[in-house]
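In: the following block contains a protein sequence and its predicted model.
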Amino acid sequence: MKLEHRVTVDAPRAAVWAVLMDLPVAARCVPGTRDVATDGDGVRGTLDVRVGPVKLTLAGTVAIESRDEATGTARLRANAEDQRLGGAVRAFVDLAVAGDKPTELRMSTDVAILGRIGELGQPLIARQADKVLAGFADCLRRTVAGR
């Protein structure tokens, strides 16, 4: 499943990039995250999210696969599992920041939904992803402004 999102942040590109590349800070901006901790070059934590009538508790990791500050691009890898429902999410997120005050963040996510989580249906999962991203965008704007 592919997801595309764009976020505009009224801040310099360097400030937006700094927050995005600080994975513990960026991870805490995702609504429903808890227990975020550094894990090698990435972070581990838990995401509590409701998809339709089902509550998921996804425990996993996010790491930076590649980054190029000069071009403002990065690739993140996320892996998480829900033990109760029996399923997993594997994702690659390509980030690109462009412009400078305002800065546009483009996110292209390639998600594989495995096991019983996939039975929830792509439209329902995509709607929830849009809600989570809206919350992330609000937190990102506040975090960048507070630095």
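Out: That came through, no problem.
In: the closest residue to Met1 other than its chain neighbours: neighbouring residues, count only.
Out: Leaving out its chain neighbours, the residue that sits closest to Met1 by Cβ to Cβ, 6 or more residues apart in numbering is Val111, at 4.8 Å. From N, CA and C alone the C-beta is placed, and that goes for glycine too. A count of nearby residues for Val111, using other Cβ atoms under 10 Å, gives 17.
In: and the pLDDT at Val111?
Out: Val111 carries a pLDDT score of 95 in this model.
In: which element is it on?
Out: Using DSSP states H and E, Val111 maps to strand 103-115.
In: paired strands for that strand, with orientation please.
Out: Here strand 103-115 has these sheet partners by DSSP bridges: strand 2-9 (antiparallel), strand 87-99 (antiparallel).
In: got a markdown table for the ones you listed, with distance to Leu20 and mean pLDDT too?
Out: Formatted as a markdown table, the strands paired with strand 103-115 follow (distance: least, Cβ to Cβ, whole Å; pLDDT from 0 to 100):
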| stretch | distance to Leu20 | mean pLDDT |
| --- | --- | --- |
| strand 2-9 | 10 | 96 |
| strand 87-99 | 6 | 97 |
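In: mind putting those into CSV with mean neighbour count?
Out: Formatted as CSV, the strands paired with strand 103-115 follow (neighbours: other Cβ atoms under 10 Å):
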stretch, mean neighbour count
strand 2-9, 15
strand 87-99, 17
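In: turn those strands into CSV, including distance to Leu47.
Out: As requested, those are arranged in CSV below (distance: least, Cβ to Cβ, whole Å):
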stretch, distance to Leu47
strand 2-9, 15
strand 87-99, 9
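In: okay, the angle between the helix or strand encompassing Cys139 and strand 2-9?
Out: Assigned by DSSP H and E, Cys139 belongs to helix 122-145. For helix 122-145 against strand 2-9, the angle by axes from the mean of the first three to the mean of the last three Cα atoms, to 10 degrees is 20 degrees.
In: elements contacting helix 122-145?
Out: strand 2-9, helix 13-21, helix 23-28, strand 42-51, strand 103-115 (3 or more Cβ pairs under 8 Å, 6 or more residues apart in numbering; DSSP states H and E).
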